[in-house]
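**Student:** What follows is a predicted structure for the sequence shown.
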Amino acid sequence: MKRGGVTFKLFAITASFFMLFYAIVLLGQLLFFEKFYQNQRLAGLEKKLESFSEQYASNRWDEPRITREMGLFISQNKAQLAILNPEGKVKYDNFFRIVIRDDKGVQVKVSLMLMSDSDQKELLAAHLQRGDLVQVEGVFEDPAKDLIFPIVIRKAGMKDIGSVETSSIEGQLEQVSGVITDALLPSPNLWNLRQGLMYLAIEEWFPLTDEQKADLQSGRMIEREWTETLTGVRSFIAVQPVMRDGKVSELLFAVTSLQQISEAYDALRLFYLYIGVGGIVLILLLSLIFSKFVTKPLLTLNKIALRMAKLDFSAKSPIRSTDEFGSLSHSLNSLSETLDHTLKELHQANEQLRADMEQKQRMEQRQKEFVSNASHELKTPLSIVKGFAEGLRDGISESKRERYLEVILDETGKMEDLVKDMLELTKLESKTIKLKKSRFMVSELIEDIVDKLSHHLNEKGLKVVHMAAGEHPVYADQSKIEQVLFNILINAIRHAVPGSEITVRIESDGERLKVSIDNEGENIPKDQLDDIWERFYRAERSRNRKTGGTGLGLAIVKHILELHESRYGVTNTEKGVSFYFML
């Protein structure tokens, strides 16, 4: 994405717009959400409390109905509710309790609101029900002894619920035992541990001040924020009067936690921090995708046009839409096809011209090299022939005449061999020779060649060792392969140490046959291993006429083996040199 390009501009504008919008949303939530949420919740609680007061005043509910309505209010508003008389004495509070009847037939309510979290779990796990015999140890609320706050609840055959040692309730402990006649237990997700705070708040509020009594008498709700001094828990308290016959008959005392809002808001701020970072990344990513999606057709057409400006007409636009981009894409593709066809024709013509020029240069270079090498090879024998011929013309003695004629014949023979090799090499290089292939055994061919070279072998005291393993007939031009074997063996004899062995190995390599010819002698310098196949190459740069041949033998071998599509090569060994080829 180039800076200043259309994609970058569209990306910057889109990202900036959404980042500004996202920042406004996040700042609004971080700065005002807590207060907004608190006001909304408290306003809703006040309305629900007023509605509950009206229904409670207009309907003469019995105690079971009051219990159900209070439970519904607590569950829906996540607030604690108690019904008090005007002096602040609790008439109805937490409806989660059990009722037991002792031996004397007296019923006692066992409040469950002050039990610890672990005790509540044990109580729910005990599955108390009507008819169970239990013993309760705790503190009675008033002298009437009809409501007890339990410290320990015992039932035969189960673990005690609660412990005197871990309890924080002060006062004289008393015991009551009997049969459960009624049990109202909440599900685990409805148990609220803040019920105890409501009683602390009631103790702190009552007795009411004259001003508060006047407000309640006039039917107005009293509300304020309250912080419990020991734990520092923040709560909201609302007191709604229940009016009957123009007088306050009861008070609805509701307590809801503000601490939970603060705690939730603290967690929410951290959450917004994480989601803010994630949101920014998402905005940047979506803006980038959007900008690329919108500008992709334009960028594609621009790339096609740039390639056409560089005379590259092979690219085709993939856009197939029916809008202006699609029309421009079709026009560019048509232009590209026409120019590409013309360019290819011109390129082919240039390539052909270049190839012809290179071929001409190669032919000229080869001709120069050939003339130079041939002149060098013919110069010495011609000089020898001329010298000995002049000696014959000048009338040398009869005793030398025979020797002069032998030298002249020997040199003309060498020149004849050189000319033959040059003509043979020229034919091979022209690729005009057609191979006459047939099936034959290489080992039989080697035996014939060794027989023909016996004179050369005997001169240096050489011995040919022939080894064959898994030999099978090959399909090749027998006369050409004979020439290959003859040239390699002559080369091996020429460079072998007198009195040594020349080893010929024939090995099967799948469908192919590998032929290796090793001699004992000096190694070929590593930097010259690839040069030995060139025309007129000799390992001896002095071109010694006694130890070197025409310099065309291995070049002829190379071309014959290439016509057979054969793999060939030469490597140095510990004792000498090894030539190999495969048929």
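**Tutor:** Arrived safely.
**Student:** just how off-centre is the helix or strand that contains S118 within its chain?
**Tutor:** Secondary structure assigned from DSSP states H and E places S118 in helix 117-126. Centre-to-centre, helix 117-126 and its host chain are 51 Å apart (Cα atoms, centre = their mean, to the nearest Å).
**Student:** quick one: average pLDDT of it?
**Tutor:** Average pLDDT, helix 117-126: 75.
**Student:** Going by neighbour count, which residues in that helix are buried?
**Tutor:** D119, Q120, E122, L123, A126 (16 or more other Cβ atoms under 10 Å). C-beta coordinates here come from the backbone N, C-alpha and C atoms, glycine included.
**Student:** and those as TSV, adding distance to L258?
**Tutor:** What follows is those, written out as TSV (distance: Cβ to Cβ, whole Å):
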residue	distance to L258
D119	26
Q120	23
E122	30
L123	28
A126	34
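**Student:** Please identify which of the residues you listed is nearest to A254.
**Tutor:** For the buried residues of helix 117-126, the minimum distance to A254 (Cβ to Cβ) is 22.0 Å, reached by Q120.
**Student:** Tell me how far that closest one lies from I100.
**Tutor:** As judged by Cβ to Cβ, to the nearest Å, Q120 and I100 stand 18 Å apart.
**Student:** same deal with S438?
**Tutor:** 120 Å.
**Student:** does L197 belong to a helix or a strand, and which?
**Tutor:** Using DSSP H and E, L197 sits in helix 195-205.
**Student:** okay, now T256: neighbour count?
**Tutor:** Applying other Cβ atoms under 10 Å, we find 22 residues neighbouring T256.
**Student:** Return the residues in contact with the residue lying closest to it once chain neighbours are set aside.
**Tutor:** Closest residue in space to T256, ignoring its immediate chain neighbours: A79 at 3.7 Å, by Cβ to Cβ, 6 or more residues apart in numbering. Going by Cβ atoms under 8 Å, 6 or more residues apart in numbering, A79 touches L45, F73, A254, V255, T256.
**Student:** Which of the helices or strands spans the spatially most central residue of the chain?
**Tutor:** Centroid-nearest residue in the chain: L285, 18.9 Å away (criterion: Cα atoms, centre = their mean). Following DSSP H and E, the helix or strand that holds L285 is helix 259-309.
**Student:** helices or strands up against whichever helix or strand comes after that helix?
**Tutor:** From helix 259-309 onward toward the C-terminus, using DSSP H and E, the following helix or strand is helix 324-393. Counting contacts by 3 or more Cβ pairs under 8 Å, 6 or more residues apart in numbering; DSSP states H and E, helix 324-393 packs against helix 259-309, helix 398-430.
**Student:** tell me the average confidence for the longest one?
**Tutor:** The predicted model gives helix 259-309 an average pLDDT of 71.
**Student:** what do you get for stretch 89-109?
**Tutor:** 80.
**Student:** can you check stretch 475-482 too?
**Tutor:** 87.
**Student:** Give me the contact list for it.
**Tutor:** Contacts of stretch 475-482 from elsewhere in the structure, counted by Cβ under 8 Å, 6+ apart, are 435-440, 442, 445, 448-449, 474, 560, 563-564, 583.
**Student:** And the residues you listed, which of them are buried?
**Tutor:** Among those, those classed as buried by 16+ other Cβ under 10 Å are F440, V442, L445, I449, V474, I560, L563, H564, L583.
**Student:** what's the farthest-apart pair in those?
**Tutor:** Spatial extent of these (Cβ to Cβ) is set by the pair I449 and L563 at 19.6 Å.
**Student:** Pull the number of nearby residues for V484.
**Tutor:** 27.
**Student:** if I look at it, how far off is V248?
**Tutor:** For V484, the distance to V248 (Cβ to Cβ) stands at 129 Å.
**Student:** With G326 instead?
**Tutor:** 81 Å.
**Student:** Looking at the contacts of stretch 475-482, which one is closest to G138?
**Tutor:** Taking Cβ to Cβ as the measure, G138 sits nearest to L583 out of the contacts of stretch 475-482, at 110.4 Å.
**Student:** Let me know the pLDDT of the closest one.
**Tutor:** L583 carries a pLDDT value of 89.
**Student:** now swap in L445 and tell me
**Tutor:** Each residue has a pLDDT score; the one for L445 is 89.
**Student:** That one belongs to a helix, doesn't it?
**Tutor:** Yes - using DSSP: H, G, I helix; E, B strand; the rest coil, the assignment for L445 is a helix.
**Student:** Is it correct that I148 is in contact with V108?
**Tutor:** Yes - using Cβ atoms under 8 Å, I148 is in contact with V108, at 5.9 Å.
**Student:** Mind listing the shared neighbours of these two?
**Tutor:** Joint contacts of I148 and V108 (Cβ under 8 Å, 6+ apart) are V136, V176.
**Student:** Isn't V242 up against F253?
**Tutor:** No - assessed by Cβ under 8 Å, V242 is found out of contact with F253, at 10.9 Å.
**Student:** shared neighbours of the two, anything?
**Tutor:** I83.
**Student:** Tell me which of these two has more neighbours.
**Tutor:** F253 (25 against 20).
**Student:** Tell me which helix or strand the closest residue to that one other than its chain neighbours sits in.
**Tutor:** Using Cβ to Cβ, 6+ apart and skipping the chain neighbours, the partner closest in space to F253 is A82 (4.7 Å). Counting by DSSP H and E, the element that carries A82 is strand 80-84.
**Student:** just Y580 next, same as before
**Tutor:** Here Y580, judged by DSSP H and E, is contained in strand 576-582.
**Student:** Give me the helices and strands touching that strand, please.
**Tutor:** Contacts defined by 3+ Cβ pairs under 8 Å, 6+ apart place strand 576-582 against helix 478-495, strand 512-520, strand 568-572.
**Student:** Export the ones you listed as CSV, with columns for distance to L346.
**Tutor:** Formatted as CSV, the helices and strands packed on strand 576-582 follow (distance: least, Cβ to Cβ, whole Å):
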stretch, distance to L346
helix 478-495, 43
strand 512-520, 45
strand 568-572, 41
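**Student:** For V407, which of these is the nearest?
**Tutor:** Nearest to V407, of all the helices and strands packed on strand 576-582, is helix 478-495, at 20.8 Å by Cβ to Cβ.
**Student:** circling back to that earlier point, tabulate the buried ones among the contacts of stretch 475-482 (CSV), appending secondary structure and distance to S58.
**Tutor:** Output for the buried ones among the contacts of stretch 475-482, formatted as CSV (DSSP: H, G, I helix; E, B strand; the rest coil; distance: Cβ to Cβ, whole Å):
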residue, secondary structure, distance to S58
F440, strand, 126
V442, helix, 123
L445, helix, 128
I449, helix, 132
V474, strand, 119
I560, helix, 123
L563, helix, 119
H564, coil, 117
L583, coil, 117
